[in-house]
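Peer 1: coordinates only, sequence not included:
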């Protein structure tokens, strides 16, 4: 089994990296890019017993910081 | 009085903090992050650096180091905890201080002396300073932009828990003097019990005239005064 976690900065939190990447996209010839936000994607390969609650706990306590980030967990 | 400096893999200001305290005559030891006891310490310093390579988020992995459980318990007992730079980030990740430190507004890693204004002296870390006093202390970080929700900021302001703000040479905490985009120019905060202090600037790098400033000494002097420490003659 594989779990995928997407961690994104909250909308209310300034993402200077996203702003810099957006500007680079503009320079690259795509002025239509209105907003860019940069997050991260974490893949976890699972082997053995586990619950979705445990995965959420890991997402909440370690993989994301709820003060500044949101996460989305999907299990395949 | 006994001080300890915690060493995480990737700490790189541990020796500076150790030296600053030692020069003041304080008995100080290193404690490795895998140790599980901080017994006997009156002051715990979480030094600057890049613990665990800043993987995931600054301080995110260090927060789960075995020693951090002991640090939390000591903090709850009232032991003084000083988190400098990466130490501040670890304290926020560990929930010992509110808010978080994110990428600098301008994306640059900034390493330079900055002016700080002392906002509150009714705490163990600045009681030898004066309210409004200006300190010139270096910063050295890429992720030092303090952020917190508005309720947290209100609480920090109301309770006098903002201890330092970035300001200009005249003491005005204006946006132009804000190096990293920190909310309300905040450079350092403490917990409700006022025994846990986190700051992005490096007082240990401003503790010797050879380093260009001794303004950081007032923080260590305040801690020593709080703990009733007098250097042996």
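Peer 2: Nice, I can see it. The shown structure was predicted, so the numbers you read here are calculated from the model rather than taken from an experiment.
Peer 1: return the residues in contact with the closest residue to residue B:179 other than its chain neighbours.
Peer 2: Counting by CB to CB, 6 or more residues apart in numbering or on different chains, residue B:110 is the residue found nearest to residue B:179 once chain neighbours are left out, at 5.3 Å. For glycine as for every other residue, the C-beta is placed from the backbone atoms N, C-alpha and C. Contact analysis of residue B:110 by CB atoms under 8 Å, 6 or more residues apart in numbering or on different chains lists B:104, B:139, B:140, B:141, B:142, B:144, B:179, B:180.
Peer 1: pull the contacting residues for the nearest residue in space to residue A:62 that is not next to it in sequence.
Peer 2: Sequence neighbours aside, residue B:60 is the residue nearest to residue A:62 in space, at 6.7 Å (criterion: CB to CB, 6+ apart). Neighbour list for residue B:60: A:62, A:65, B:52, B:93 [criterion: CB under 8 Å, 6+ apart].
Peer 1: just among the contacts of residue B:110, which is most surrounded?
Peer 2: residue B:144 (28 neighbours; other CB atoms under 10 Å in any protein chain shown).
Peer 1: and the nearest residue to it once chain neighbours are set aside, how many neighbours?
Peer 2: Using CB to CB, 6+ apart and skipping residues adjacent in sequence, the residue nearest residue B:144 is residue B:200, 4.2 Å away. The tally of other residues near residue B:200 (other CB under 10 Å) stands at 32.
Peer 1: and residue B:200, how far from residue B:55?
Peer 2: 20 Å (CB to CB, to the nearest Å).
Peer 1: and the strands in chain A?
Peer 2: For chain A, the strands defined by DSSP state E occupy A:2-9, A:40-45, A:69-75.
Peer 1: that older thread, pLDDT at the residue nearest to residue B:144, what is it?
Peer 2: Per-residue pLDDT puts residue B:200 at 98.
Peer 1: quick check: bridge partners of the residue nearest to residue B:179?
Peer 2: Note on residue B:110: beta-bridge partners by DSSP bridges are residue B:141.
Peer 1: how far away is it from residue B:50?
Peer 2: For residue B:110, the distance to residue B:50 equals 15 Å [CB to CB].
Peer 1: same question, residue B:122
Peer 2: Applying CB to CB, the value for residue B:122 to residue B:50 is 33 Å.
Peer 1: those two: which is more packed in?
Peer 2: Neighbours per residue (other CB under 10 Å) separate residue B:122 from residue B:50, with residue B:50 holding more: 19 against 10.
Peer 1: so for the closest residue in space to that one that isn't next to it in sequence, what's the pLDDT?
Peer 2: What sits nearest to residue B:50 in space, not counting adjacent residues and going by CB to CB, 6+ apart, is residue B:10, at 4.4 Å. Model confidence at residue B:10, given as pLDDT, is 96.
Peer 1: helix, strand, or coil at the residue nearest to residue A:62?
Peer 2: Secondary structure state of residue B:60, per DSSP: H, G, I helix; E, B strand; the rest coil, is coil.
Peer 1: repeat for the one 3 residues further on
Peer 2: Look at residue B:63: counting by three-state DSSP, its state is helix.
Peer 1: past the longest helix along chain B, which element shows up next along the chain?
Peer 2: In chain B, assigned by DSSP state H, the helix with the most residues is helix B:66-77. Of the helices and strands lying after helix B:66-77 in sequence (DSSP states H and E), the nearest is strand B:80-84.
Peer 1: next, see if that following strand gets close to chain A.
Peer 2: No: shown here: strand B:80-84 not in contact with chain A (CB under 8 Å from any CB of the partner chain), separated by at least 16.0 Å.
Peer 1: the residue lying closest to residue B:180 once chain neighbours are set aside: what's it in contact with?
Peer 2: Spatial nearest neighbour of residue B:180, chain neighbours left out: residue B:104 (4.1 Å); criterion: CB to CB, 6+ apart. Contacts for residue B:104 (CB under 8 Å, 6+ apart) come out as A:16, B:110, B:141, B:142, B:143, B:144, B:145, B:179, B:180, B:181.
Peer 1: for residue B:36, same thing?
Peer 2: By CB under 8 Å, 6+ apart, the contact list for residue B:36 reads B:66, B:67, B:69, B:70.
Peer 1: can you name the residue of chain B nearest chain A?
Peer 2: Chain A sits closest to residue B:100 of chain B, with a gap of 4.3 Å, by CB to the nearest CB.
Peer 1: what is the neighbour count of that residue?
Peer 2: Burial measure for residue B:100: 22 neighbouring residues, criterion other CB under 10 Å.
Peer 1: which parts of chain A sit against chain B?
Peer 2: Within chain A, the positions near chain B by CB under 8 Å from any CB are A:9, A:12-17, A:20, A:62-63, A:65, A:67-68.
Peer 1: just give me the closest of those to residue B:190.
Peer 2: Set against residue B:190, the nearest of these by CB to CB is residue A:67 (17.4 Å).
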